[in-house]
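Engineer: one predicted model, sequence on top.
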Amino acid sequence: MVSPAPSYDTTHTHTHTHTHTHTQQSLQIIQSTSHTASYRSTGTPSTREQEITFNINTRGTMVRTLNNMEELRGSGFGRPWPRHGLKLLFWFANDYIVFDNDNQMFANYDPEEGHFGFHHFRNRLECENNVCKRLLPDDGYPFYEVGNLHLTAAYSMPNYVRKYNTGDIDTSNMDRLIISMRPDMTVDRVYVTQHEDLRSFDPVNTYRISRGLLMIICGHPFADMSFRNFLEQAGYSTYEPMRYIDQCSSTAQIEFPSPAPRESRDTRMNIEVGSRAPPRAAPGFWESCCTMLLYIFFYFFLFLFFIHLYLTR
C-alpha cells in the first residue's frame, strides 16, 4: 500500500519596499529560506539611487500536516513516556473545541482569558547561520500556546494530562499545542511542537493537525476513540514504567518496558528495596531445650506464688 505524499502548510507572499542611497550596496540573498530579494537602479552609477525590493516569501516556512492516526504515529510526536503531548492533543480535541454542522472548529473558551495556561505565542523570526525563518506560517491571525504544565493555570487540566509531570525541566513538560484564532472564536489552525531547548521549539518536529484528524480523535461522528484506544493507535505505551532500586548504586531507576503479556495468578513480582539481611538459622537442640526449661521454671514459680497468696489469706 503506497502512503499518500505528505502535505505541507504554507502561507502567502508579503512585499516590503525599502529605499537606500549608497555608492555600493552588497546584498546577501538566501535562497534556501523564505527570503528572496531583487533590486533595480536609477541614475548614474556614482550617484544612483538603489530601490531594493524584498519579497518575503513565507512559503519557505513549511510545516507538515498530519491527516490520520497512521501519520500521527509515524511522526513520533509526544512519545515516549513521560511526554504529555498526545494527552494534550486528546484533551484539546475532546474538551476545548467543538465542531458545528459545517465541521468548523469553535473554541469553548477564549484563549485571551488564559484558561488552562493559554497565552500568546509570538511567531518571531529566528536566525541561525544567516538563515532566518519563523516556526509557523503566518496566516494573519494571532497564535496562542498551551501545554506548559508548570503554570498555575494548567492545574485546571484533567489529571491524565498532568499525571506524570515531574516539575523539573525534562521531557515530561516539553510538548506544546499552538492554535491560530479568528475573531469569531473559530479555530483556524492547530499545531503541535516540542521544545529543543529552554527558549526555542524544534521546527523539524512541528506539525499541523488537520481538521479531519481532530475529528477522528474526538470520535466525531461515530468513531470509537476512547483515551486508551487513542494512545495505543498513536504508539504510546499505556503500561506505566516500573520503578526499582539499584542495590549496587542505591539510586532509583526507571524501566520503560514494552507491552508484555499479563502475569498469571501464580506469578509474583518481588521488588527489593536496599540490601536484605540473611535469613536466621533454625534453632539448635540445646537452644530449644534451654528455652523450654525457662518456660517451665517461670510457670513453676508463678504457681508457687499463687499458692503462697492462697495460704496467707
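Structural biologist: In hand now; what should we look at? Numbers count the residues shown, from 1 in each chain.
Engineer: state the mean pLDDT of the helix ranked longest in the chain.
Structural biologist: Criterion DSSP state H: the longest helix present in the chain is helix 285-311. On average, the pLDDT along helix 285-311 is 81.
Engineer: equivalent analysis for stretch 118-132, please.
Structural biologist: Per-residue scores along stretch 118-132 average to 92.
Engineer: what about the helices in the stretch 151-300 of the chain?
Structural biologist: Using DSSP state H, counting those that start in this stretch, the helices found in the stretch 151-300 of the chain span residues 159-162, 211-217, 227-233, 285-311.
Engineer: would you mind finding the most buried of those helices?
Structural biologist: Neighbour counts (mean count of other CB atoms under 10 Å) averaged over each of these peak at helix 211-217, with a mean of 19. For glycine as for every other residue, the C-beta is placed from the backbone atoms N, C-alpha and C.
Engineer: show residues contacting it.
Structural biologist: For helix 211-217, contacts defined as CB atoms under 8 Å, 6 or more residues apart in numbering pick out 66-69, 71-72, 89-90, 92-94, 97, 99, 103, 105, 190, 223, 225, 230.
Engineer: strands - which of those residues land there?
Structural biologist: Per DSSP state E, strands hold the following members of the contacts of helix 211-217: 66, 97, 99, 105, 190.
Engineer: closest one of these to residue 298?
Structural biologist: For the ones in strands among the contacts of helix 211-217, the residue nearest residue 298 by CB to CB is residue 97; the value is 79.0 Å.
Engineer: contact partners for the nearest residue to the closest one once chain neighbours are set aside?
Structural biologist: Closest residue in space to residue 97, ignoring its immediate chain neighbours: residue 105 at 4.9 Å, by CB to CB, 6 or more residues apart in numbering. Residues near residue 105 by CB under 8 Å, 6+ apart: 97, 98, 99, 186, 187, 190, 211, 214.
Engineer: what subset of the residues you listed is buried?
Structural biologist: 97, 99, 187, 190, 211, 214 (16 or more other CB atoms under 10 Å).
Engineer: and those as a markdown table, adding distance to residue 146?
Structural biologist: Converted to a markdown table, the buried ones among the contacts of residue 105 look like this (distance: CB to CB, whole Å):
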| residue | distance to residue 146 |
| --- | --- |
| 97 | 12 |
| 99 | 19 |
| 187 | 12 |
| 190 | 11 |
| 211 | 18 |
| 214 | 15 |
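Engineer: and those residues, which two are the farthest apart?
Structural biologist: 99 and 190 (12.6 Å).
Engineer: just for the protein, where's the confidence low?
Structural biologist: Within the chain, the stretches with pLDDT under 70 are 1-6, 10-60, 220-224, 238-286, 313.
Engineer: in PyMOL, how would I select the buried members of the contacts of helix 211-217?
Structural biologist: The PyMOL command for the buried members of those (criterion: 16+ other CB under 10 Å) is given here:
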select buried, resi 66+67+69+71+72+89+90+92+93+94+97+99+105+190+225+230
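Engineer: isn't residue 198 right next to residue 169, touching?
Structural biologist: Yes - with contact defined as CB atoms under 8 Å, residue 198 reaches residue 169; the gap is 7.0 Å.
Engineer: neighbour count: those two, which is higher?
Structural biologist: The residue with more neighbours, out of residue 198 and residue 169, is residue 169; 11 against 6, by other CB atoms under 10 Å.
Engineer: does that one touch residue 195 like I think?
Structural biologist: No - in this structure, residue 169 is not within contact of residue 195 by CB under 8 Å, at 9.2 Å.
Engineer: how about the ones in strands among the contacts of helix 211-217 in CSV, adding distance to residue 157?
Structural biologist: Conversion of those to CSV gives the following (distance: CB to CB, whole Å):
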residue, distance to residue 157
66, 22
97, 15
99, 21
105, 19
190, 17
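Engineer: with respect to residue 138, which of these is nearest?
Structural biologist: residue 190 (15.6 Å).
Engineer: so what's the closest one closest to, chain neighbours aside?
Structural biologist: Counting by CB to CB, 6+ apart, the residue nearest residue 190 is residue 209, at 4.5 Å.
Engineer: what about that neighbour, distance to residue 75?
Structural biologist: 10 Å (CB to CB, to the nearest Å).
Engineer: list residues touching both of the two?
Structural biologist: Common neighbours of residue 209 and residue 75, counting by CB under 8 Å, 6+ apart, are residue 66.
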